[in-house]
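[1] Here is the input, now give the coordinates:
(one chain, ligands or ions: 1)
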Amino acid sequence: MPSGAVRVAVTRRISPAMQRCELTHLRRSPIDIDLAREQHRAYEQVLRKLGCRIESLPEAPELADSVFVEDTAIVLDELAIITRPGASSRRAETSAVAGALGRYRKLARIEAPGMLDGGDVLRVGRTLYVGTSSRSNRAAIEQLATLLMPVGYRVQPVEVRGCLHLKSAVTQVATDRLLINPRYADRDAFAGMQFIEVDETEPSGANAVWIGSDVIYSASHPRTADALRRLGIRVHTVEMSETEKAEGGVTCCSLLFCEGR
Ligand code: GLY
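    Alright, predicted model coming up:
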C-alpha cells in the first residue's frame, strides 16, 4: 500500500435475520444476535487500530447473510467487480455494496449464468485464484478473466473440497506465505508460495485478514495462531463465535481497499 494512502474497510451491520443464514457444511445452531453485534464492533475496532477507515453499511433486516460483504464484490486498484452470489437468497445484498463502491471505483458486474462469491477469490499480487465451489462457477471465472486480463491480472481456477469457499481453505498471511488447510485445497495450485498449515485440530483455521505485518484472526484457532506468531506475524485475535455459526470467517466481514487508487 502506498504511504499516505487511506485504507477503507467496508463492513455491514449484522442482520436481525442472521439466524436464517445459508448453511452448507454446518448444522444450524442458535446465534446470539446481540453477542454477534458486539463481536462485530470489536472486529471493526481492530480494523481501525490497523489504520482502516470503516465505512459501515446499514443493517439489512431481510438479508440474513448481509454481514458477509466480502462475497458481494472484488475490489482491485483499477475497478471493482460486483459479484452474482451463488446463493439466490444473497443476490439482493449487492446493491448497497455497489452503491458504496461506486464512489471509489469504476464498477463491472458478473452476469448470469455466472455465479461468484468473493470468498472464493484470493488475490496474490497480479493473480486471482478463484475457487470452483458450490457458490462459484466456470462461467463467472471466464467473465472475470475477460474483465481482468486487459488490466494485467491472471485468473486461475482452484479446486475446493469440503469447505464453503476458497478462503475457507487458504488465505495470505505474508508477502510470500499462505495459510492453508491442505485437505480443502492443494498447495500445488499456488506456485512460488511458501505455506503454513493449520493445526490439524483446527480445520477451519485457514481464514485470516492480512494487513501489512499484521493479521486479524479468529480466537477459535489458538494453536494455529501460535504458529503464525512463531513466524513473526503480529496476530490480532477476535472472538467470532456467532458469525462462525453462520459459516463466516474474518475475511467475510469486510472489503478492504485503498482510497483514491
Ligand atoms: N452463511 C454464509 C453463506 O453461506 O453464504
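[2] tell me the pLDDT at the residue of the stretch 51-200 of the chain found nearest the ligand?
    Among the residues of the stretch 51-200 of the chain, D65 lies nearest to the ligand; the distance is 4.7 Å by CB to the nearest ligand atom. Every C-beta, even on glycine, is put in place using the N, C-alpha and C of the backbone. pLDDT, D65: 98.
[3] Now for it, how many residues are close by?
    27 (other CB atoms under 10 Å).
[4] That one and M18 touch, don't they?
    Yes. At 7.5 Å, D65 counts as touching M18 under the criterion of CB atoms under 8 Å.
[5] Give me the common contacts of the two.
    Shared contacts of D65 and M18 (CB atoms under 8 Å, 6 or more residues apart in numbering): A246.
[6] My guess is Q156 contacts T127. True?
    Yes. Between Q156 and T127 there is a contact under CB under 8 Å: 6.0 Å.
[7] How about the residues of this structure by the ligand?
    Neighbours of the ligand within the chain, by CB under 6 Å from any ligand atom: 21-22, 24, 65, 68, 87, 246-248.
[8] Show me how to select, in PyMOL, the buried members of the residues you listed.
    The PyMOL selection below is limited to those of the residues of the chain next to the ligand classed as buried (16 or more other CB atoms under 10 Å):
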select buried, resi 21+22+65+68+87+246+247+248
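[9] can you give me how far stretch 181-193 is from the chain middle?
    Centroid separation for stretch 181-193 versus its chain: 18 Å, with CA atoms, centre = their mean, to the nearest Å.
[10] do stretch 163-177 as well
    Here stretch 163-177 is found 9 Å from its chain centre; the criterion is CA atoms, centre = their mean.
[11] So for that stretch, what gets flagged as buried?
    For stretch 163-177, by 16+ other CB under 10 Å, it's 163-174, 177.
[12] would you turn the residues you listed into JSON lines with pLDDT and secondary structure?
    Listed next are the buried residues of stretch 163-177 as JSON lines, based on pLDDT from 0 to 100; DSSP: H, G, I helix; E, B strand; the rest coil:
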{"residue": "C163", "pLDDT": "98", "secondary structure": "coil"}
{"residue": "L164", "pLDDT": "98", "secondary structure": "coil"}
{"residue": "H165", "pLDDT": "98", "secondary structure": "coil"}
{"residue": "L166", "pLDDT": "98", "secondary structure": "helix"}
{"residue": "K167", "pLDDT": "98", "secondary structure": "helix"}
{"residue": "S168", "pLDDT": "98", "secondary structure": "helix"}
{"residue": "A169", "pLDDT": "98", "secondary structure": "helix"}
{"residue": "V170", "pLDDT": "98", "secondary structure": "strand"}
{"residue": "T171", "pLDDT": "98", "secondary structure": "strand"}
{"residue": "Q172", "pLDDT": "98", "secondary structure": "strand"}
{"residue": "V173", "pLDDT": "98", "secondary structure": "strand"}
{"residue": "A174", "pLDDT": "97", "secondary structure": "strand"}
{"residue": "R177", "pLDDT": "98", "secondary structure": "strand"}
